[in-house]
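*Asks:* Give me coordinates for this.
(chains A, B, C and D)
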There are 4 protein chains.
Amino acid sequence: MPTKQSRPTGRHFLQIPGPTPLPERIASAMSRQMLDHRGPTFAEFGLRLLASVKSIFKTAHPVIIFPSSGTGAWEAGFVNTLSPGDRILVIETGQFSVLWRNMAERLGLKPEVLPTDWHRGGDANALEARLKKDKAHDIKAVCVVHNETSTGARTWVDEMRKAMDAAHHPALLMVDAVSSLAAMDYRHDEWGVDVAVSGSQKGLMLPPGLSFNAVSPKALAASKKAKLPRSYWSWDDMLAINAAGTFPYTPAQSLLFGLAEAIDMLLEEGLDNVFARHERLAEAVRRAVRAWGLDIWCRDPKGYSPAVTAVAVPEPHNADAFRKLVLDNFDMSLGTGLNKLAGKAFRIGHLGYTSELTVCGALCGVEMGLELAGIPHQQGGVAAAMAYLAETARPAKAKAA
Amino acid sequence: MPTKQSRPTGRHFLQIPGPTPLPERIASAMSRQMLDHRGPTFAEFGLRLLASVKSIFKTAHPVIIFPSSGTGAWEAGFVNTLSPGDRILVIETGQFSVLWRNMAERLGLKPEVLPTDWHRGGDANALEARLKKDKAHDIKAVCVVHNETSTGARTWVDEMRKAMDAAHHPALLMVDAVSSLAAMDYRHDEWGVDVAVSGSQKGLMLPPGLSFNAVSPKALAASKKAKLPRSYWSWDDMLAINAAGTFPYTPAQSLLFGLAEAIDMLLEEGLDNVFARHERLAEAVRRAVRAWGLDIWCRDPKGYSPAVTAVAVPEPHNADAFRKLVLDNFDMSLGTGLNKLAGKAFRIGHLGYTSELTVCGALCGVEMGLELAGIPHQQGGVAAAMAYLAETARPAKAKAA
Amino acid sequence: MPTKQSRPTGRHFLQIPGPTPLPERIASAMSRQMLDHRGPTFAEFGLRLLASVKSIFKTAHPVIIFPSSGTGAWEAGFVNTLSPGDRILVIETGQFSVLWRNMAERLGLKPEVLPTDWHRGGDANALEARLKKDKAHDIKAVCVVHNETSTGARTWVDEMRKAMDAAHHPALLMVDAVSSLAAMDYRHDEWGVDVAVSGSQKGLMLPPGLSFNAVSPKALAASKKAKLPRSYWSWDDMLAINAAGTFPYTPAQSLLFGLAEAIDMLLEEGLDNVFARHERLAEAVRRAVRAWGLDIWCRDPKGYSPAVTAVAVPEPHNADAFRKLVLDNFDMSLGTGLNKLAGKAFRIGHLGYTSELTVCGALCGVEMGLELAGIPHQQGGVAAAMAYLAETARPAKAKAA
Amino acid sequence: MPTKQSRPTGRHFLQIPGPTPLPERIASAMSRQMLDHRGPTFAEFGLRLLASVKSIFKTAHPVIIFPSSGTGAWEAGFVNTLSPGDRILVIETGQFSVLWRNMAERLGLKPEVLPTDWHRGGDANALEARLKKDKAHDIKAVCVVHNETSTGARTWVDEMRKAMDAAHHPALLMVDAVSSLAAMDYRHDEWGVDVAVSGSQKGLMLPPGLSFNAVSPKALAASKKAKLPRSYWSWDDMLAINAAGTFPYTPAQSLLFGLAEAIDMLLEEGLDNVFARHERLAEAVRRAVRAWGLDIWCRDPKGYSPAVTAVAVPEPHNADAFRKLVLDNFDMSLGTGLNKLAGKAFRIGHLGYTSELTVCGALCGVEMGLELAGIPHQQGGVAAAMAYLAETARPAKAKAA
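*Replies:* Below you'll find the predicted structure:
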């Protein structure tokens, strides 16, 4: 049934901001035979995995792994800590904050939105001002998307925490780290995040199917009083049985095997090297975009995402027609524009298992696509990216002798 | 990080009632590269998959696929069709009906239990009697576990439907087909099931991580009025976007690729052949158990499961000590006794990707284990199984010339 | 033991002229379980494979598959058709013709060389002249390397055949098609080749480990009289048992499974499309080289190879220092200069499982490497390649609307 | 093209004496991407591999790895050490010694045979007697098949060495260790073997496609004077370039990656444990055969093979008809009878990646097959095997509590 025959020759360039390309090492790890999920070999594996995953979140507190999409971990964060009718504040930075807000509403919460113009990350001053007004502390949680995948804008979570502290506000800080985890620095404990939400198919380089909640003691305390109905997502069952290395229901073993391998890969490279690699590739992409004379959708350099860059397509050109042309001609998938960006922007994913030459190849595909599509632009985007990458190459000229 | 070094040489015998052994074809299919889940190749794949999965449930109505464990599809069934405080009736045939009942309670439903002695399937007469008393039709759903994995007892769903019809009761019929689907006959439409719940790691031969709801028009109608909060599990979002072959949130691609291959394998073998194979292997196992002089936990032959057989261990022997001995000596995992069966029974899984000789090898492991453990038994269990399998072999003596 | 930890993040760019990148489909096919190589399932598979492989050589005559490197098929060609002391004529176009010649000598043949300057393919006129002098027909075989992997020069085999015919010379025509097969047009029967030699790790996209002899009736006839000792390489044993779909000694099953998949992939794409893809990517590479102001090693445009391009590095720069720099900085392997090209040239492989964007990425790596190495060059190589690829893109501007 | 659809459900029982079942770990290792075989990562890998493979042969001298079937390493052993017309002495224990002898003849050597009745290993006394007669030392090599795969008989190589020493004969000792290596003890240096020949698809658990020569200093010295023509098989080229971790022609990378993993697996288990496992499983098989009242083909208990057991089928029954019946009914491949055993015996392979329960399952298949085929036998073979395996189980009854 797989659509083998329709695939062109050569590796597909998958330049969307997740799922990201699957490394062979992870694919191999995922093809292990099934284990008895209640037996000793699995339990031993589970204990080590649950311990090691904490290092990725930089937390000493529990990380809960669900067999679900990242969206499920949003739901888990809400239903474990909140009660029907609770007010929450969502910093709206793009489509994923909108979806998160919508979920809150469907679950019976009362979300309020702190808007941006979708061209930047969240504003800490605005957050502080809003929280100061909430003298009654009606707001039970503040929801921040660390890396807004739809716009390519980062919100600085440490600043959000400072704003909450400055307002002396006790709300829980919930952070969507779906497309930031393992692509840009995330420090759960240091930043005082209460609930982190993440997924497997981005910086972790896995297929989709696992989601995560990193949970602070304060969030755990909140879960004792939270009244939203919950069962599948219950932290208490998970934590109780995770202590033995197992799970309350059958875990998604193949993805867990892959996760263990992914963590090994990340720690072998070193998290700081992982982040630096993402920053460097992202800067190369932005230099290409600027050289083409196109606009980076994110207008605030402070908010530039190391994981994904959204690029505005000048009217009257349609970004999705452009994406189709690139796919048809050069076998590359670019990210579509979502919501306010629909038809107006495409997104270049540059996260996960990627490197200089893959990003260069992708930029070549965009530059050729712009030419074929007749979209007004300057040539030289790839050249600008190459100049930057060569200039910042590590082993340096000395080595070439 | 995987625990390679602790694994003995040779293929592990995984004789638990799920996860079941992973066929190479499925492992290969699962190692395909990721696709753009919003692109045309994926959409084409998704459309075909969503159509073909219906054949496995024998339904013309939608089958919804969640990235979650089977437990998640229980939750999805409830939250899409019921409202807080709704009464439901759970036929308690073993541990999985208990867990289902418990979930209902946690979600704010009012479950009532129709008990059995855990040694048989559900009783259609008892159901009919109970429903006839419910003149006000307070009971909104009847929950039946098709194959009770914890006891190895089958409930005949068609009889349950007849009982409901005889009582002229409008409750929804919800069926847990987690360990029955693709191992024993399941006919969603013919039996008038409203919500089927299933998972990937049993008869479908996949790793855990996908769950299913097959949904009748009546269940869909109920979902329009149901008031339990829901978002991740919402059928409406799923169905709307499934029409285009895609999913409301990132689907678990690798498992979906595997599912497509699994369906191909099942249809190549033919569903009726699949069921006959399971029945035959199960009968061989039961003949062995009887020859050993041990008790099959399921005391009603009508309820014998084609997928799993629970075997009682005579006192004062402990079934888990026996299982450990078998694992240590013969590298075979048997299913543990759950709840009332804890320490008293072990379970032999004989479903999924299995065959005569694998089941024979497994029975040899049990027979040798009984000997080593000093559990009183007759020899000859394997011999009895062999006699039956030889007698029922297909190509028959004629062929041997 | 594998050297996992030393591998950088992201896909390695393997731009050597073989082994070429392994497609997932082939890797998956190769991970099938072993079969009884004397059983019916294997025999059926073997028959189909031995039939289908002929289509790749465009021959109606036998193709023999050895478990060996391509080098083994050179030896097989000699020992099956020649006798100690036989004279052969080798067209020396580069390092691989030298190695072939050396092998002839070690096996007790008397090779004579028809030289070129290593900057072009073989010269049909020179061949005709030489053969005309050989009135006694002492020369028993003419050896031609179709695609000289070391220099990136093609010899036109049809012209060689015409030269032999014009000289009315009865020598066998032996062609090394190792790096040409499935990358550029090869027509065994039409061109009157007697023995073709090929290997698995180039255009066939497989790992190394299989080699091939396509054999004309004239070559078969010669094998009846040939006196060089032979056993492993004997065609007669092979052909006798191949008739039943099996092999005289245990075949390299996993590679044969991969070969079947490779043939499927090539035929799905269409051989003519495969060749056109290689020609187009090669031209893009050459335009880049010219734009950089560097010399293509092959000085005769007629001889440009669709599979590999050797690029001269101006003195005093060393091509291997450059290759090391590119590997260290950009995780790309380029082909080393062999023999006369050592230190003076590097080679860019652009054959097998590859595409526009991979070649673009590779050219970016070269362009950045030239910059880092301080090798005098013009910028704009990648830009020239992109211009050509965009100009020759198939679906054309119209589609972009 | 692979024959997926014709494969029955469940794991095939591949009980031939090679190829043996492919462990997942090895399959995964083999699916790594290709490396530049002339680059630093490969060289580092090659150096470690060439060092570690020596431990499997128990030698401090070179082990040469060819991309070829095991048959190729026979040829390599001859052509590197002998000259046209040299006399050699082959101990004929079965079909593989016959084939080896035939090869010698085809290569221009003069083989003499020291026969057995094909029901036992080689006779050291007969060897000593023969060598003592060879006062002129015309015999240049003695060829011994360590484990005669066709009959299931072991020749004790240490005794052969003693016989040669007792005769003060300088002939080279060549040993075919194809189906013995990594299944039964082999000590290259201690036993004074000059040339060992082996292959990948037996105890090494790899697919076919690699062969080996372990080479003593005396053999290396002989190679300096040997006059048989050679090129592909030349040790000198190999050894020269192996010193750098690389190979004279493109190595079969995927198999080498698998070999590294296989060596890791063998050393993790411990070679002595590997041998003990094979001995124990072999004894279980023989007890089954005796209980059935059938004859073990090998009539000398000292020669019983730990790797394979040939079983005589009483007339007028045909062993191949029996094998077909077992394959058709129980999806198990048994080894066919070769040469003198054709139709008269079948072979049960019990080497490589195997375990108690797999062997039990295989014996069940044989016992049921005997029943279906109507071959006169006693029941109870499997029972006898189980009794032995239970009795010799390691953790022992104490553990069962």
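*Asks:* now the strands for the stretch 51-200 of chain A?
*Replies:* For the stretch 51-200 of chain A, strands defined by DSSP state E, counting those that start in this stretch occupy the ranges A:63-67, A:87-92, A:110-115, A:139-145, A:147-148, A:153-154, A:172-176, A:195-199.
*Asks:* Can you tell me which of these is nearest to chain B?
*Replies:* If you check each of the strands of the stretch 51-200 of chain A against chain B by Cβ to the nearest Cβ, strand A:63-67 wins as the nearest, at 4.8 Å. For glycine as for every other residue, the C-beta is placed from the backbone atoms N, C-alpha and C.
*Asks:* list the helices and strands the closest one packs on?
*Replies:* Strand A:63-67 sits against helix A:40-57, helix A:70-81, strand A:210-215, helix A:235-242, helix A:253-269, with contacts defined as 3 or more Cβ pairs under 8 Å, 6 or more residues apart in numbering or on different chains; DSSP states H and E.
*Asks:* Pull out the buried residues from the first one.
*Replies:* By that I understand helix A:40-57. Judged by neighbour count (16 or more other Cβ atoms under 10 Å in any protein chain shown), helix A:40-57 contains these buried residues: A:40-43, A:45-46, A:48-50, A:52-54, A:56-57.
*Asks:* Most proximal residue of chain A with respect to chain D?
*Replies:* A:S28 (4.0 Å).
*Asks:* How many residues are close by that residue?
*Replies:* 24 (other Cβ atoms under 10 Å in any protein chain shown).
*Asks:* Please identify the helix or strand for the nearest residue to it once chain neighbours are set aside.
*Replies:* Once flanking residues are discounted, A:S28 sits nearest to D:S28: 4.0 Å by Cβ to Cβ, 6 or more residues apart in numbering or on different chains. Under the criterion of DSSP states H and E, D:S28 resides in helix D:24-30.
*Asks:* Using PDB, write out every CA atom in that helix.
*Replies:* C-alpha atoms of helix D:24-30 as PDB (Å, rounded to 0.1, in the frame of the first residue of the first chain):
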ATOM      1  CA  GLU D  24      17.800  -8.000  14.200                       C
ATOM      2  CA  ARG D  25      20.900  -6.400  15.600                       C
ATOM      3  CA  ILE D  26      22.900  -7.600  12.600                       C
ATOM      4  CA  ALA D  27      20.200  -6.600  10.200                       C
ATOM      5  CA  SER D  28      20.100  -3.100  11.800                       C
ATOM      6  CA  ALA D  29      23.900  -2.800  11.600                       C
ATOM      7  CA  MET D  30      23.800  -3.800   8.000                       C
END
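*Asks:* Go through chain A and flag its longest helix.
*Replies:* For chain A, the longest helix by residue count, based on DSSP state H, is helix A:271-292.
*Asks:* Work out the gap between that one and the centre of the chain.
*Replies:* The chain centre lies 16 Å from the centre of helix A:271-292; the measure is Cα atoms, centre = their mean, to the nearest Å.
*Asks:* Kindly report the residues of the stretch 101-250 of chain A close to chain B.
*Replies:* A:102-103, A:106-108, A:199, A:201, A:207-209, A:228-232, A:234, A:248-250 (Cβ under 8 Å from any Cβ of the partner chain).
*Asks:* mind putting the helices and strands packed on strand A:63-67 in TSV, mean pLDDT included?
*Replies:* As requested, the helices and strands packed on strand A:63-67 are exported to TSV (pLDDT from 0 to 100):
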stretch	mean pLDDT
helix A:40-57	98
helix A:70-81	98
strand A:210-215	98
helix A:235-242	97
helix A:253-269	98
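*Asks:* how about those in TSV, adding distance to B:A182?
*Replies:* Listed next are the helices and strands packed on strand A:63-67 as TSV, based on distance: least, Cβ to Cβ, whole Å:
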stretch	distance to B:A182
helix A:40-57	24
helix A:70-81	25
strand A:210-215	25
helix A:235-242	28
helix A:253-269	19
